[in-house]
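1. this one's structure only:
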Ligand SMILES: [Cu+2]
């Protein structure tokens, strides 16, 4: 299998994808073959043995055929064994990571993914890996069950709240691939989208050495804030067009007062936004559930400054 998409499958972009596809197509074509065999035979018998004129006795004395029964028992049994052995070997290969694989901790939560790299770098919603190297993912969840799914790599694994699961892959080509949550996990499930960014080994090492900071220091604050908003999952719960979503909108809020669930009011300023990001449950906005996760340790100070600057630009001064 090469790396182009087919009618049934997206491009095969990991080393295991070819094997998964081969098994898929084997099962698919065998099933198609039997489908047509059965349908055509049924049609043939329907016509060949239809009732003609005033015939009465519809069957003769035959009630079974030992040879035929043997054939239609043995052939499917062999096919099932082929699929089982083939599938089990591929399954084992997918579940035992090669020695020396890069290990990345993956955490799913409502409704985004976070990734912890060996050197302490953290990314949200975007997994960065090198091409041509095995990568082992250790998955868990902070709340409900999520499922880490990258169709181009043919890999999928549940992330559970109370134990670790494992997955590994090796990306073949540099590029950006879609990451989905494949377990219905609540209101924001359909927005729980991410990317897997595959870099060349040298680019990956350079990127990692900067602790994933990229060129954030050169980006003006409001622009950095916008990047945080789209790239670090804020947009799964907050809109910028004035409509409330899971959380309040960011439009026209800066400098305005807001009512909290305990009945007090507060003016939305820099300190309030900072606290909302680091300790979301300290002050909960009235009418909303206390579901915002803390971003303590996930955002740098400059990124929080950026969010504040960005929210300011969304408000009429
Ligand atoms: Cu999910």
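-> In hand now; what should we look at? Please read these numbers as outputs of a predicted model, since none were measured by experiment.
2. Counting by contacts, list what the lengthiest helix in the chain packs against.
-> When the chain is scanned for its longest helix (criterion: DSSP state H), the result is helix 17-48. Packing partners of helix 17-48 (3 or more CB pairs under 8 Å, 6 or more residues apart in numbering; DSSP states H and E): helix 66-95. Backbone N, C-alpha and C define where each C-beta goes, glycine included.
3. so the helix it packs on versus helix 17-48, what angle?
-> Relative orientation of helix 66-95 versus helix 17-48 (axes from the mean of the first three to the mean of the last three CA atoms, to 10 degrees): 160 degrees.
4. Just checking: what are the partner strands of the very next helix or strand once past helix 66-95?
-> Toward the C-terminus, helix 66-95 is succeeded by strand 102-109 as the next helix or strand (DSSP states H and E). With DSSP bridges as the test, strand 102-109 is paired with strand 112-116 (antiparallel), strand 134-141 (parallel).
5. Would you point to the one among those strands that's packed deepest?
-> strand 112-116 (a mean of 22; mean count of other CB atoms under 10 Å).
6. average pLDDT for it?
-> Averaged across strand 112-116, the pLDDT comes to 92.
7. which residues make contact with the helix or strand just after it from outside it?
-> Reading on from strand 112-116 to the C-terminus, the next helix or strand found by DSSP H and E is strand 122-124. For strand 122-124, the external contacting residues (CB atoms under 8 Å, 6 or more residues apart in numbering) are 112, 113, 114, 115, 116, 117, 212, 231, 232, 233, 297, 298.
8. same thing but 6 Å
-> In this structure, residues lying in contact with strand 122-124 by CB atoms under 6 Å, 6 or more residues apart in numbering are 112, 114, 115, 116, 212, 232, 233, 298.
9. distance between the helix or strand where residue 271 lies and the chain's centre?
-> Secondary structure assignment for residue 271, by DSSP H and E: helix 270-278. Counting by CA atoms, centre = their mean, to the nearest Å, helix 270-278 is centred 30 Å from the centre of its parent chain.
10. Now do the buried residues in it.
-> 272, 273, 276, 277 (16 or more other CB atoms under 10 Å).
11. Could you do stretch 257-272 as well?
-> In stretch 257-272, counting by 16+ other CB under 10 Å, buried: 258, 268, 272.
12. Out of those residues, flag the one nearest to residue 290.
-> residue 258 (14.7 Å; CB to CB).
13. Any figure for the gap between the closest one and the ion?
-> Separation of residue 258 from the ion (CB to the ion, to the nearest Å): 29 Å.
14. mind checking which helix or strand that residue is in?
-> Going by DSSP H and E, residue 258 is part of strand 257-259.
15. Can you pull out the residues in contact with whatever helix or strand comes next after that strand?
-> Where DSSP H and E defines the elements, the next helix or strand beyond strand 257-259 is strand 265-267. Contact with strand 265-267 is made by 257, 259, as judged by CB under 6 Å, 6+ apart.
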